[in-house]
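*Asks:* What shape does this take:
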Amino acid sequence: MITNHQKNIATFIHLSTFSRFIIPFGNFIGPLILWISNKDKSEFIDAHGKQAINFQISILLYAVILGSITIPFFIFKLLSDFDFMDFNGFHDFHISLGKPSPLLYLGGFLGALAIIAFIIELILIVVASLKARDGELYKYPLTINFFK
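*Replies:* Prediction:
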């Protein structure tokens, strides 16, 4: 039988990921502290804690991959007009955004994809916390199970 206390702790494990807006790495620290201190008390809390932490690690991994793909497109576009061999002509250095290249469009698309993924992440965290409040198990989509 899942008690209200267990439901509340599981809910707060998910909601504690929002502490990243106040504390750096709060999305890892908050759920980790709540999960480690309560995982032996209930399998329900243990399952929700693992899911929340696995989801946050997966999101970090996806963000690093997306960022490592996106950022070079912007850098290549901004530095495309710079002549690396002529260091005496810095007065002629300019950044032209008047003629967008396909790299800039691709980088912008990937940046927009990152914003959409962030909004979906927030929605999934709220859904998981509501499921925990109702006493149901929730599995985040596209989550890599680091903790089993």
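*Asks:* What is the burial count for residue 33?
*Replies:* For residue 33, the neighbour count with other CB atoms under 10 Å is 12. C-betas here are computed from N, CA, C, even on glycine.
*Asks:* and it, helix, strand or coil?
*Replies:* helix (DSSP: H, G, I helix; E, B strand; the rest coil).
*Asks:* which residues does it contact?
*Replies:* Contacts for residue 33 (CB atoms under 8 Å, 6 or more residues apart in numbering) come out as residue 16.
*Asks:* measure it to residue 2 for me?
*Replies:* According to CB to CB, to the nearest Å, residue 33 and residue 2 sit 21 Å apart.
*Asks:* Tell me how many other residues crowd the closest residue in space to residue 18 that isn't next to it in sequence.
*Replies:* Of all residues not flanking residue 18 in the chain, residue 125 sits nearest, at 7.2 Å (CB to CB, 6 or more residues apart in numbering). As a burial measure, residue 125 scores 21 neighbours (other CB under 10 Å).
*Asks:* State the pLDDT value of residue 125.
*Replies:* Here the pLDDT value assigned to residue 125 is 94.
*Asks:* Surely it touches residue 13?
*Replies:* No - between residue 125 and residue 13 there is no contact under CB atoms under 8 Å: 10.4 Å.
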